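Engineer: Structure, please.
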Amino acid sequence: MVRGGLKPKQMRRKNIEPDFTYKSVVVSKFVNKLNFKGKKTVAEKIFYDAMEIIKKRTGENPFEVFDKAIESVRPLIEVRPRRVGGATFQIPVEVSRVRSVAIATNWLIQFSQQRKGKPMAECLADEILAASKKEGSAIKKREDTHKMAEANKAFAHYRW
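Structural biologist: Got it, this is the predicted structure:
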């Protein structure tokens, strides 16, 4: 038995408290990733302002739009590099739910930060709205990831 009761490459997940407005752990994790220079209140303000913008533009529940965006962006399969006999192969691997939500979060934040000329809350709202309609850069990134996995499925037998 390994000390501490954990096997190698196994970590405990932190229990993250749900946010106060939507009672969602996914929103809390999103705000934590959005964090600017350690100022969580600024990140919370940006996120909730984006939710208000979404509510004004669509008239729908902004949390449902956000949840729909996360679901449409999250990848189901990804490629991971694996060295076999001196060559590196890109092996398609299914993604766990927790990791896929984290990847979707990263992509939404990354592509909203790349939008220039507007405040961050508006850029984030634009990216979330585009993702919920299955458009935008984050959806393109997901499709590219899936295409790469499809192209490399011949190497799936190297999976570990």
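Engineer: alpha carbons only for contacts and neighbour counts from here, please
Structural biologist: Noted.
Engineer: in the helix or strand that contains residue 29, what's buried?
Structural biologist: Assigned by DSSP states H and E, residue 29 belongs to helix 25-34. Using 16 or more other CA atoms under 10 Å as the test for burial, helix 25-34 gives 26, 27, 28, 29, 30, 31, 32, 34.
Engineer: Quick check: residue 92 is in a strand.
Structural biologist: Yes. Assessed by DSSP: H, G, I helix; E, B strand; the rest coil, residue 92 belongs to a strand.
Engineer: Not counting sequence-adjacent ones, nearest residue to it?
Structural biologist: In space, and not counting its chain neighbours, residue 92 is closest to residue 79: 4.3 Å by CA to CA, 6 or more residues apart in numbering.
Engineer: Report the secondary structure state of the residue nearest to residue 115 when sequence neighbours are not counted.
Structural biologist: Computed as CA to CA, 6+ apart, the closest residue to residue 115 that is not its neighbour in sequence is residue 123, at 6.1 Å. Here residue 123 is recorded as helix under three-state DSSP.
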